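**Q** Show me how the following folds:
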Amino acid sequence: MIYINVGRLKLRQLYSGFPQFDREFKIVETPYLYIMKRLNLAKAGVCLLSIAVFATVLAKVNSVDAGTSPAIHQNANPGKTKTAKELYLAYLENINDPDKGIKLFADDATMELPYLKSLGLPWQWKGKKAIYDSFKDFPKTFHGFKFENIRIHIATPDQAFAEYDVNCTITFNGRPYHQTYMGWLVVRNGKIVRLHEALDMVQVAKSMFPNGVADLSAKKKH
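**A** A predicted model of the protein is given here:
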């Protein structure tokens, strides 16, 4: 009888903590109770302990399938494709590290800030080299540029929409630059293929143009 009790206890210890514990334990335990009735106690105990070994393997498999062991699950998928949200956050975090940030983009990626066109400024960059060059120019234009107060409003595996703020200074004139960006990011096969951003043009003019907003009005007339 001691073998039987040890076997049943072992099974319960193995299955404790798993979502499917009640159902699976009953499935495994029921045949053992039948064995105890039909065979002598010694044989039943040996059978229980044998099945307990099998249950160990089954429990480990279930822990991966049910996600109860994150470490095992992560090791089983070391090359997991990143979602749009993950790539978006990585882009925002590495805006001042072009060598690291550019690795997030596909070879045929496009980055756009279309409203800059109305100010006569560059607004579209196609391909990794063009995007990389724009990243490298950031220190020449902005001092202390950093995305903060990040709000991810919509996120699917391949698209995300977010807002984020910047508070820094313009390098060449020392003026403050306070801006809120809105962005739409699209990914394919774990890489960014399109980044479309919108921003306040009045703030751009105030911070960057020699005569501030007055220059913005002059540009509209032309």
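**Q** And the next helix or strand past the helix or strand bottoming out on mean pLDDT in the chain?
**A** One helix or strand of the chain scores below all others by mean pLDDT, DSSP states H and E: helix 70-76, with a mean of 33. Next along the chain after helix 70-76, taking DSSP states H and E as the criterion, comes helix 84-93.
**Q** Not counting its own residues, what contacts that following helix?
**A** Helix 84-93 is contacted from outside by 82, 101, 104, 147, 150, 152, 155-160, 162, 164, 183, 185-187, 190-192, 195, using CB atoms under 8 Å, 6 or more residues apart in numbering. In this view, the C-beta of every residue, glycine as well, is placed from N, C-alpha and C.
**Q** Give me the buried entries from those.
**A** Neighbour counting with 16 or more other CB atoms under 10 Å marks 82, 101, 104, 147, 152, 155, 158-160, 162, 164, 183, 185-187, 190-192, 195 as buried within these.
**Q** Mark which of these are part of helices, please.
**A** Among these, DSSP state H puts Gly101 in helices.
**Q** Point out where this structure drops to low pLDDT.
**A** The model of the chain has pLDDT under 70 over residues 1-79, 218-222.
**Q** residues contacting Pro114?
**A** Neighbour list for Pro114: 123-124, 196, 198 [criterion: CB under 8 Å, 6+ apart].
**Q** quick one: which of the residues you listed sit in strands?
**A** Mapping the contacts of Pro114 onto strands (DSSP state E) picks out 124, 196, 198.
**Q** Quick check: ChimeraX command selecting the buried ones in these.
**A** Selection of the buried residues among the ones in strands among the contacts of Pro114 in ChimeraX, burial being defined by 16+ other CB under 10 Å:
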select :196,198
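**Q** tell me which of the ones in strands among the contacts of Pro114 is nearest to Cys168?
**A** Among these, Ala198 lies closest to Cys168 (CB to CB), at 18.5 Å.
**Q** Could you pull up the residues touching the closest one?
**A** Ala198 neighbours (CB under 8 Å, 6+ apart): 113-115, 181-183.
**Q** Distance to Glu86 for those - can I get that in JSON lines?
**A** As requested, these are arranged in JSON lines below (distance: CB to CB, whole Å):
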{"residue": "Leu113", "distance to Glu86": "23"}
{"residue": "Pro114", "distance to Glu86": "25"}
{"residue": "Tyr115", "distance to Glu86": "27"}
{"residue": "Tyr181", "distance to Glu86": "19"}
{"residue": "Met182", "distance to Glu86": "19"}
{"residue": "Gly183", "distance to Glu86": "15"}
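**Q** Which one of the residues you listed is nearest to Val213?
**A** Tyr115 (15.3 Å).
**Q** so when I look at the closest one, I'm seeing a helix, right?
**A** Yes: assigned with DSSP: H, G, I helix; E, B strand; the rest coil, Tyr115 falls within a helix.
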